[in-house]
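[1] I'd like to go over a predicted model; first the sequence, then the structure.
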Amino acid sequence: MESVVAAVRCRPMSKSEIESGNHKAVQITSSKQVIVSDERAFTLNHAYSEESSQDEIFNDLVNPVVEKVMNGFNACVMAYGQTGSGKTFTMGTKAKVSTPGIVQRALNKIISSCVDAEIHVSFLEVYKEEVLDLLSLEKKKMPVVDFKPVGLTLVRTSSVESALSIMEKGLKNRHVGTTNANLHSSRSHAVFTIYFTQRTENGQRSSKLYLVDLAGSESVAAVSGDTRREGVMINKGLLQLGIVMSALSSAVQEHVPYRNSALTAILKDTLSPQNFVVLIACISPLDVDATMTVNSLQFASRVGSIKGIPEAGLLIKQRLPVTTPFKVPSNIKHRVNATISTPGSLKKIQRPALRPLNHTFDSPRTPRLQDSKKQHWPTSTPLQNVVKPLFADPTPIPKTNNALRAAKRRSSSEWDPLNVSTSTVVDSVTSNACVLHRSCNKFSIYSPENEKWLRSIIADVFREELKNLSQTVRLDGPSPPKQPRRSARLSKNNQENLSFFEHDPDATAITLSSPNRNIQNQSVSKESVCSTNISQSVRRSTRLSVAPHRSYYPEKEVPVKAPKLTKKAARFSTRLSILPTATPENAQKQLNDVVLDVLRSGDVKKLQSLPTIGPKTAVIISNHSLLNGPVKSFQDLENIRGLSKNFTKRFLWANNIILDE
Ligand SMILES: Nc1ncnc2c1ncn2[C@@H]1O[C@H](COP(=O)(O)OP(=O)(O)OP(=O)(O)O)[C@@H](O)[C@H]1O
């Protein structure tokens, strides 16, 4: 049996419809095909004509599903179609039906087949997007939490009669109205659920059978008021049901929007490929309903294309919890966390608990083996013998940059007795360790993976050994000259320089008069050198602040810059410079002559050097000189046109001109 079955059932025309002269537009051409208005053909799993009976529908479509429910599977049987197309008739969700529908037959089948099973029923409706419990007295609204109506009334039943009476009780609460197509039209989606529970040898088996009588899809264009609002909400629920079915039938796995409506939310349990779903599209045979018929058949075709693999409830319970790739099981969480370092902090390097073979190679910077582990190491190894000749290796160090740096490190840190670089020794020891490893296979002290840490260990060990060796050599034989501290060397040099200065100051002058230091010989004095020596006991910064080279270098004569004169002052100084040497007796006369000469020149620039003569006045005097010849005396200034009457008086006073009486 297929998990999703889509069938079509065409209702017969009523007497009134025949009398009114309606034409038939639907033809059931085979057990699976239906043709609408001789134009649209639909092929579904089953196609039932007007002559089909309730018994036939149940046996073909529902009976196999009921058997699956009794075997632990969930199932859903839905009647879908336009209003007045026979959904309620087919489902049997009507009180006092003349012909039992699917609900009655399913109850009869389940209750009569399984005596030892527990049967519960519930009945709810979805009206205007609200979920109402039809079996509660007050017809309470129920919130839907986690796709389940909270507080739904479940009634246990053991007989078909009691179950049907329960359903009829609920039907009294159902919203029913009148539409153009149906005098007793269902205005809500009704869901009658049969809960089947049976104890087996393997455990308890629970399953559900949803029997859904959907409200009729209808055009809301011709209606108004409450009916219109009801129609809008009904269509909304059906539209969302169609979207869910489309998502389920899609070849590409996509999000199924169960939450978009109350109807799809409460049917989520059963509307999935893991359950059995039977959709019966009820259609009207009338040609006037052809459009709605085509819509219903399209919906049924979509549902029929859903391919699923049903799973029994018991099997679902036994499935192991699925772990997503991002979810770390709690039992290994601490181990996973240990591998993730905090950003910004360095991961602590854990060295393996391996030690060099010679105990003299122990370094305080490397972990020590426990005694229990140490006893497995050989007491004497050839490593010591291999290493020893290295200290006497007279191979000269290649003067590369690295070698220079290594030499610098040696000179600054430790004495190197045989001029062997640390890196060379470490390289040699590492390679010898490799040789040793090959000869003693059971000790995996060296491998390409741990070469780095092995190098570091050997470097540490080598430094320690070098220290010990240098001490031994000092005890045994003459130790090499140890370089004194830099500060001591500097003070010694200064003392030497002092005595050198005392005995041969000229030689010092020659030394200091190198091209880099342009010093003159006579600048060096004994006093300055003495002051240098005295200052050795004070800080270097202090010594520098009173540096003796100040006395070596004579202070240069800084040329005195002349203050920048203003234009007027410059003119005045020019005028003074042209004054000849005068004596007190003829000074006034000479001044008068100089000023008069300037007036006679008629030069505009020279004229402006005189007080009270500005650019305009200079031009006036210059023009006058051009026209009438040079000015002969100071009195001529009174005759120059353009000058004020007081100009001559001001000019004479400003230029210290005193005329003879
Ligand atoms: N297969 C059928 N055989 C005989 N009569 C039928 C059949 N299907 C429907 N009818 C009759 O058609 C009328 C309308 O049917 P029904 O109430 O089931 O429609 P509906 O789809 O439920 O309408 P609504 O959506 O408005 O509730 C009823 O009187 C019913 O008896």
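    Thanks, I have it.

[2] who touches stretch 639-654?
    Stretch 639-654 has contacts (CB atoms under 8 Å, 6 or more residues apart in numbering) with 610-613, 617, 620-621, 624, 631, 634-635, 637-638, 657-659. For the C-beta atoms, the positions are set from N, CA and C on the backbone; glycine is no exception.

[3] let's see if you can find the most crowded of the residues you listed.
    Ranked by the number of neighbours (other CB atoms under 10 Å), the contacts of stretch 639-654 place Ile621 first, at 27 neighbours.

[4] pretty sure it is touching Leu607, no?
    Yes. In this structure, Ile621 is within contact of Leu607 by CB atoms under 8 Å, at 5.6 Å.

[5] which neighbours do those two have in common?
    In contact with both Ile621 and Leu607: Leu599, Ile613, using CB under 8 Å, 6+ apart.

[6] list the contacts of stretch 140-158.
    111, 118-122, 124, 130-133, 135-136, 163, 166, 195, 258, 262, 265-266, 268-269.

[7] hmm, back to that, could you pick out which of the contacts of stretch 639-654 are located in helices?
    Using DSSP state H, the subset of the contacts of stretch 639-654 located in helices is Thr617, Ile620, Ile621, His624.

[8] now, which of the contacts of stretch 639-654 sits nearest the ligand?
    The ligand lies nearest to Thr617 out of those, by CB to the nearest ligand atom, at 118.6 Å.

[9] for the closest one, which non-adjacent residue is closest in space?
    Spatial nearest neighbour of Thr617, excluding adjacent residues (CB to CB, 6 or more residues apart in numbering): Leu643 at 6.8 Å.

[10] same check on Tyr258?
    Lys268 (4.3 Å).

[11] same question for Phe192.
    The spatially closest residue to Phe192, leaving aside those adjacent along the chain, is Leu211, at 4.5 Å (CB to CB, 6+ apart).

[12] wait, that neighbour touches Thr88, no?
    No. Look at Leu211 against Thr88 with CB under 8 Å: they stay out of range, at 11.6 Å.

[13] beta partners for Arg40?
    On the basis of DSSP bridges, Arg40 is bridged to Val36.

[14] thinking it is in contact with Asn295, fair?
    No. If you go by CB under 8 Å, Arg40 and Asn295 don't touch, sitting 10.7 Å apart.

[15] higher neighbour count, the two?
    Asn295 (18 against 14).

[16] which SSE is that one in?
    Asn295 is part of helix 290-304, with elements assigned from DSSP states H and E.

[17] is that helix positioned near the ligand?
    No. For helix 290-304, no contact with the ligand is found by CB under 6 Å from any ligand atom; the gap never falls below 10.4 Å.

[18] related to what we said a few turns ago, filter the contacts of stretch 140-158 down to the buried ones.
    Burial by neighbour count, judged by 16 or more other CB atoms under 10 Å, picks out 111, 119-122, 124, 131-133, 135-136, 163, 166, 195, 258, 262, 265-266, 268-269 from these.

[19] of these, which belong to strands?
    Judged by DSSP state E, the buried ones among the contacts of stretch 140-158 include Ile119, His120, Val121, Ser122, Leu124, Val131, Leu132, Asp133, Tyr195 as members of strands.

[20] which residues does the last one form beta bridges with?
    What it means is Tyr195. Applying DSSP bridges to Tyr195 yields these beta-bridge partners: His120, Lys208.

[21] mind listing the strands in the stretch 1-150 of the chain by residue range?
    Listed in chain order, the strands of the stretch 1-150 of the chain (DSSP state E, counting those that start in this stretch) span residues 4-10, 26-28, 33-36, 40-43, 46-48, 75-81, 118-127, 130-133, 141-142, 144-145, 148-149.

[22] can you tell which of these is closest to the ligand?
    Closest approach to the ligand among those (CB to the nearest ligand atom): strand 75-81, 5.7 Å.

[23] neighbouring strands - and their directions - for that closest one?
    In its sheet, and by DSSP bridges, strand 75-81 pairs with strand 203-213 (parallel), strand 276-283 (parallel).

[24] okay, these in TSV with mean neighbour count next?
    TSV is the format used below for the strands paired with strand 75-81 (neighbours: other CB atoms under 10 Å):
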stretch	mean neighbour count
strand 203-213	21
strand 276-283	28
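
[25] hey, least reliable of those strands by pLDDT?
    Mean pLDDT across the strands paired with strand 75-81 is lowest at strand 203-213; the value there is a mean of 87.

[26] now the helix or strand following that one: mean pLDDT?
    Using DSSP H and E, the helix or strand that follows strand 203-213 in sequence is helix 225-249. Here helix 225-249 scores 81 as its mean pLDDT.

[27] again with stretch 153-173
    89.

[28] in that stretch, what counts as buried?
    Thr153, Val155, Thr157, Val160, Ser162, Ala163, Leu164, Ile166, Met167, Gly170, Leu171, Asn173.

[29] then stretch 135-153?
    Neighbour-count burial for stretch 135-153 [16+ other CB under 10 Å]: Leu135, Ser136, Lys139, Met142, Val144, Pro149, Leu152, Thr153.

[30] nearest to Glu51 among these?
    Nearest to Glu51 among the buried residues of stretch 135-153 is Leu135, at 35.8 Å by CB to CB.

[31] from memory the closest one sits against Ser122, does it?
    Yes. Using CB under 8 Å, Leu135 is in contact with Ser122, at 6.5 Å.

[32] what residues does this structure put near the ligand?
    So far as CB under 6 Å from any ligand atom goes, the chain lies against the ligand at 11-12, 81, 83-89, 179, 182, 185-186, 215-216, 282.

[33] mind redoing it with 8 Å?
    Contact residues (CB under 8 Å from any ligand atom) of the chain with the ligand: 9, 11-12, 14, 50, 52, 54, 79, 81-91, 94, 99, 176, 179, 181-187, 213-216, 218, 282.

[34] may I have stretch 56-67 exported as CSV, CA atoms only?
    C-alpha atoms of stretch 56-67 as CSV (Å, rounded to 0.1, in the frame of the first residue of the first chain):
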residue,chain,number,x,y,z
GLU,A,56,-16.7,0.7,-1.6
ILE,A,57,-14.9,3.9,-0.5
PHE,A,58,-14.2,2.6,3.0
ASN,A,59,-13.0,-0.8,1.8
ASP,A,60,-10.7,0.6,-0.9
LEU,A,61,-9.3,3.6,0.8
VAL,A,62,-9.8,3.5,4.6
ASN,A,63,-9.8,-0.1,5.6
PRO,A,64,-6.1,-0.6,4.7
VAL,A,65,-5.2,2.5,6.6
VAL,A,66,-7.2,1.4,9.7
GLU,A,67,-5.3,-1.9,9.7
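
[35] so what touches that stretch?
    With contacts defined as CB under 8 Å, 6+ apart, stretch 56-67 is touched by 1, 5, 7, 9, 46, 48, 75, 77, 90, 102, 105-106, 109-110, 209, 276, 278, 280.

[36] so which helix or strand of the chain has the lowest pLDDT on average?
    Among the helices and strands of the chain, helix 505-512 carries the lowest confidence by mean pLDDT, DSSP states H and E, at a mean of 38.
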